[in-house]
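Novice: Following is a predicted model, sequence given first.
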Amino acid sequence: MFAEIVTFYIPKGILSIRTAAEHELNPLQLSIERVAAPTLLLTCSNPPQPMYPRDILMPQPQFPKYHKTNLWILSVLAVLTFVATGCSQYQLAGRVIEGPNSYIAVVDQNDPRLNAHQYGGGVANTQISVTLDPNDMRPIHEGTAYSDLSGNFSLPINAQGAGFLMYEAQVTAIESGHMPTQQEFALPSASKRILVVLKSGEGKLSPKTNLIEETLKMGEPYMR
């Protein structure tokens, strides 16, 4: 190890432990050689290391202080919100009207076509069937609802997390005297509505090919 020479110009004869501490040196590591006054030559085997003043403290992160009452109120509100959300069942609601073509669309709840007073009468007694994730191995059949005299319908969806989680919905609308229609789309949020438009006439739905069933049929010869 190479020694380093550090010279301090201090009055002769007052070197002490206190003086060494003021210069951030360990007095036990010093070899003192008296030279001509008024200086002392101090030889240090290790260079002095910088030290942080003790009166300077590291800044501590400040966190907001909540009163116990406020924390209790926040906890109660969180529980009530969870209960209210969990108890309210998702409803797939909408209206059936007559139009030049048969189709199903997701619209805003303020769409004027959903209002019987603004848009006229709807198509009553329309059968609305809903299936979630129709292309999966285990599709979820949510049931059937019928439109009332104004064409309005509402079907409760029992799937867990409906309205929040992603589901693919297949909606089928059938009514005697109108051409049926079927549409697949992402299950909308609770703020959206389903608009069913049926064309007057007779017709049948073309069978929809299930991709999974078709793949299994194609693989049957190789599984024997």
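Specialist: Received the coordinates, thanks. All values derive from a computational prediction rather than experimental measurement. Residues are numbered from 1 along each chain as shown.
Novice: Which pLDDT value goes with Gly13?
Specialist: We have a pLDDT of 44 for Gly13.
Novice: now do the one 3 residues further on
Specialist: Reading off the per-residue confidence, Ser16 sits at a pLDDT of 45.
Novice: try Gly201
Specialist: Looking at Gly201, the pLDDT reads 92.
Novice: so for whichever strand or helix holds Ala105, what's the average pLDDT?
Specialist: Using DSSP states H and E, Ala105 sits in strand 103-108. Taken as a whole, strand 103-108 has a mean pLDDT of 97.
Novice: just checking, what packs against it?
Specialist: If you count contacts as 3 or more CB pairs under 8 Å, 6 or more residues apart in numbering; DSSP states H and E, strand 103-108 packs onto strand 181-186, strand 192-200. In this view, the C-beta of every residue, glycine as well, is placed from N, C-alpha and C.
Novice: Could you single out the most deeply buried of these?
Specialist: strand 192-200 (a mean of 20; mean count of other CB atoms under 10 Å).
Novice: partners of that one in the sheet?
Specialist: Using DSSP bridges, the strands paired with strand 192-200 are strand 90-98 (parallel), strand 103-108 (antiparallel), strand 178-179 (antiparallel).
Novice: coming back round to it: so which of the helices and strands packed on strand 103-108 comes closest to Pro156?
Specialist: strand 192-200 (13.7 Å; CB to CB).
Novice: can I get the CA coordinates of that closest one in CSV?
Specialist: C-alpha atoms of strand 192-200 as CSV (Å, rounded to 0.1, in the frame of the first residue of the first chain):
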residue,chain,number,x,y,z
LYS,A,192,-75.1,0.1,-23.5
ARG,A,193,-78.3,-1.3,-25.1
ILE,A,194,-79.1,-3.9,-27.8
LEU,A,195,-81.1,-2.7,-30.8
VAL,A,196,-82.7,-5.4,-32.9
VAL,A,197,-84.0,-4.5,-36.3
LEU,A,198,-86.2,-7.0,-38.1
LYS,A,199,-87.3,-7.0,-41.7
SER,A,200,-90.9,-8.0,-42.5
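Novice: Pro221 belongs to a strand?
Specialist: No: counting by DSSP: H, G, I helix; E, B strand; the rest coil, one finds Pro221 to be helix, located in no strand.
Novice: Can you get me a residue count around it?
Specialist: 7 (other CB atoms under 10 Å).
Novice: now Phe153
Specialist: 24.
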